[in-house]
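Visitor: show me the folded form of this:
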Amino acid sequence: MRRHSDRHHGDRTGAGRRARDRILTGQTPVQGVLARRRELENLILFLGDDLRESALALGGIEAFLVSAHKTLERPDLSPESLSALVSEDIDGRIELLADALQSLRRSMRLIQETISSEPCYRGENA
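Guide: Residues are numbered from 1 along each chain as shown. Okay, the predicted model is just below:
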């Protein structure tokens with residue numbers, strides 16, 4: 001069954017898939033000013049890597065949350081099942097996400113600085 005949120009995309013276009021899934025498969029098309037700038041190619045590659053790493057880290061946190069939810073819904077909830085949940089390294093996953101997001105922001109800042117240094121973006125005539 002399709003989510004209501006992706007029905008406006010039409011019949012099974014794939015455009016309604018979750019953003020993280022699209023990022024993980026490399027489906028983050030570069031368009032406009034970024035696509036025309038050869039000097040940004042390496043920065044864009046790093047940005048894509050940072051997006052994927054962030055999505056993977058977020059997926060690990062989501063997996064923990066799903067596991068916690070399922071565990072807490074169990075009618076036979078036991079101290080052992082809670083112990084297994086508590087012992088998961090969620091702090092490590094959160095650190096991975098923080099590192100990945102910091103790197104993502106750094107990559108975006110470098111791209112932003114590069115494109116904003118152009119005369120047409122500073123209000124000068126080209």
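Visitor: just the helices in the chain please.
Guide: Applying DSSP state H to the chain gives helices spanning 19-24, 32-35, 41-73, 79-86, 90-116.
Visitor: can I get these in CSV with mean pLDDT?
Guide: Output for the helices of the chain, formatted as CSV (pLDDT from 0 to 100):
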stretch, mean pLDDT
helix 19-24, 70
helix 32-35, 62
helix 41-73, 89
helix 79-86, 88
helix 90-116, 92
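Visitor: adding mean neighbour count, write the ones you listed out as CSV.
Guide: (Glycine included, C-beta is placed from N, CA and C.) Below are the helices of the chain laid out as CSV (neighbours: other CB atoms under 10 Å):
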stretch, mean neighbour count
helix 19-24, 15
helix 32-35, 12
helix 41-73, 15
helix 79-86, 11
helix 90-116, 14
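Visitor: give me phi/psi at residue 88?
Guide: Phi and psi for residue 88, reported as degrees, to the nearest 10, are phi -60, psi 150.
Visitor: which non-adjacent residue is nearest it?
Guide: Using CB to CB, 6 or more residues apart in numbering and skipping the chain neighbours, the partner closest in space to residue 88 is residue 64 (5.8 Å).
Visitor: is it true that the one you found touches residue 93?
Guide: Yes: Residue 64 is within contact range of residue 93, at 6.5 Å (criterion: CB atoms under 8 Å).
Visitor: that older thread, contact partners for the residue nearest to residue 88?
Guide: For residue 64, the contacting residues are 88, 90, 93, by CB atoms under 8 Å, 6 or more residues apart in numbering.
Visitor: just curious, which of the residues you listed is nearest to residue 107?
Guide: Checking these against residue 107 with CB to CB, the nearest one is residue 93 at 21.1 Å.
Visitor: residue 71 is in contact with residue 77, correct?
Guide: Yes: using CB under 8 Å, residue 77 is in contact with residue 71, at 7.0 Å.
Visitor: picking up where we left off before, save the contacts of residue 64 as TSV, and put in distance to residue 112 too.
Guide: Listed next are those as TSV, based on distance: CB to CB, whole Å:
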residue	distance to residue 112
88	36
90	32
93	28
